[in-house]
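S.K.: Can you look at this prediction? I've put the sequence above it.
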Amino acid sequence: MDFVTFLRATFALAMTLGLIGLAAVALRRFGPDALARFTTGQKIRRLNVVETLILDPARRLVLVSVDGEERLLLLGEGQIVQPLPKPTPRKPKVTD
C-alpha cells in the first residue's frame with residue numbers, strides 16, 4: 001500500500017466521521033422529532049396538559065385540556081385513580 005492510498009483512506013475516514021458528527025449536532029439542535037415535523041406537516045394537537053400539582057409521592061392532579069374543554073384527573077401509582085367530575089358553574093345568589 002503506497003502513501004497516496006493510505007492518505008486517501010485516512011481522508012475518507014475523517015470525512016465520514018465528520019459527517020456523522022455533523023448529523024449528531026444537527027439532530028441535537030433541531031430535536032429528535034425534527035424528521036416527523038417535516039414529513040407530517042402541521043399537526044393540530046387536541047390534547048394539552050395545562051397544569052400539574054403533586055399531592056404526595058404516589059398521587060398528582062393533572063389539569064388536561066381536550067378539544068378546548070378542561071378535565072381534572074387524579075393520577076396515582078401509574079394509573080388514573082379517577083377522573084374528577086366536571087364542575088358545574090355556581091349561580092350567584094341574588095339578595096334583595
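M.R.: Good, I have the coordinates.

S.K.: Against which helices or strands is the longest helix along the chain packed?
M.R.: Using DSSP state H, we find that the single longest helix of the chain is helix 3-30. The contact analysis (3 or more C-beta pairs under 8 Å, 6 or more residues apart in numbering; DSSP states H and E) places helix 3-30 against no helix or strand. Heads up, the C-betas are built off the backbone N, CA and C, glycines and all.

S.K.: and this protein, what are its domains?
M.R.: 3-40, 47-83 (automatic domain parsing).

S.K.: Give me the buried positions along the shortest one.
M.R.: The neighbour-count criterion (16 or more other C-beta atoms under 10 Å) identifies Val64, Leu72, Leu73, Leu75 as the buried residues of domain 47-83.

S.K.: avg pLDDT for that domain?
M.R.: Averaging pLDDT along domain 47-83 gives 82.

S.K.: picking that back up, ok, the buried residues of domain 47-83 vs Thr95, which is closest?
M.R.: Relative to Thr95, the closest of those is Leu72; by C-beta to C-beta it sits at 31.1 Å.

S.K.: just checking, that closest one touches Arg60?
M.R.: No. Look at Leu72 against Arg60 with C-beta atoms under 8 Å: they stay out of range, at 11.2 Å.

S.K.: quick revisit: quick one, which of the domains of the chain gets closest to Val94.
M.R.: Comparing the domains of the chain by their distance to Val94 (C-beta to C-beta), the top pick is domain 47-83, with 27.8 Å.

S.K.: Please list the residues outside the lengthiest strand in the chain that contact it.
M.R.: Longest strand in the chain, counting residues (DSSP state E): strand 47-56. With contacts defined as C-beta atoms under 8 Å, 6 or more residues apart in numbering, strand 47-56 is touched by Arg60, Leu61, Val62, Leu63, Val64, Ser65, Val66, Glu70.
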